[in-house]
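A.B. asks: Build the 3D model from these lines:
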Amino acid sequence: MVSGDETTRTEKLLQAVSEGDEAALNRLIEMHREYLRRVVELRMDQALRGRVDPSDIVQETQVVANKRMQEFLRWNCPRKVDSGPILTGR
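C.D. replies: Model (predicted):
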């Protein structure tokens, strides 16, 4: 589960990203990298586990996130971005 402090940090980083801070997006993804890796590992089909590393999937996801973050932010504006459901899957 995501703590209140992590949610606040995530919201601040998302705000910085929306203001054009490219480094903030990398910090945001790095902040949640291990959690994302564990989610991928838990959900990965057993047949894939021997051929694909969860970290590779997270890295590919980071590439997509870098390309589509502005689209995500536009979609979520003007309402406040609630990162909890994104990170917890709820």
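A.B. asks: Name the spans of the chain whose pLDDT lies under the cut-off.
C.D. replies: In the predicted model, the chain carries pLDDT under 70 at residues 1-3, 76-90.
A.B. asks: tell me the centre residue of it?
C.D. replies: Ile29 (5.1 Å; CA atoms, centre = their mean).
A.B. asks: what ranges do the helices span in the protein?
C.D. replies: Secondary structure of the chain (DSSP state H): helices at 4-18, 22-43, 46-49, 54-76, 83-88.
A.B. asks: what residues does the longest one touch?
C.D. replies: Residues outside helix 54-76 that contact it (CB atoms under 8 Å, 6 or more residues apart in numbering): 14, 17-18, 25, 29, 33, 36-38, 40-41, 44, 81. In this view, the C-beta of every residue, glycine as well, is placed from N, C-alpha and C.
A.B. asks: give me that answer again for 7 Å
C.D. replies: With CB atoms under 7 Å, 6 or more residues apart in numbering as the test, helix 54-76 has contacts from Val17, Ser18, Leu25, Ile29, Arg33, Leu36, Arg37, Val40, Glu41, Met44.
A.B. asks: How about the second one?
C.D. replies: Taking CB under 7 Å, 6+ apart as the criterion, the residues outside helix 22-43 that touch it are 9-10, 13-14, 16-17, 54-55, 57-58, 61-62, 65-66, 69, 87.
A.B. asks: For that helix, what is the distance to the chain centroid?
C.D. replies: 5 Å (CA atoms, centre = their mean, to the nearest Å).
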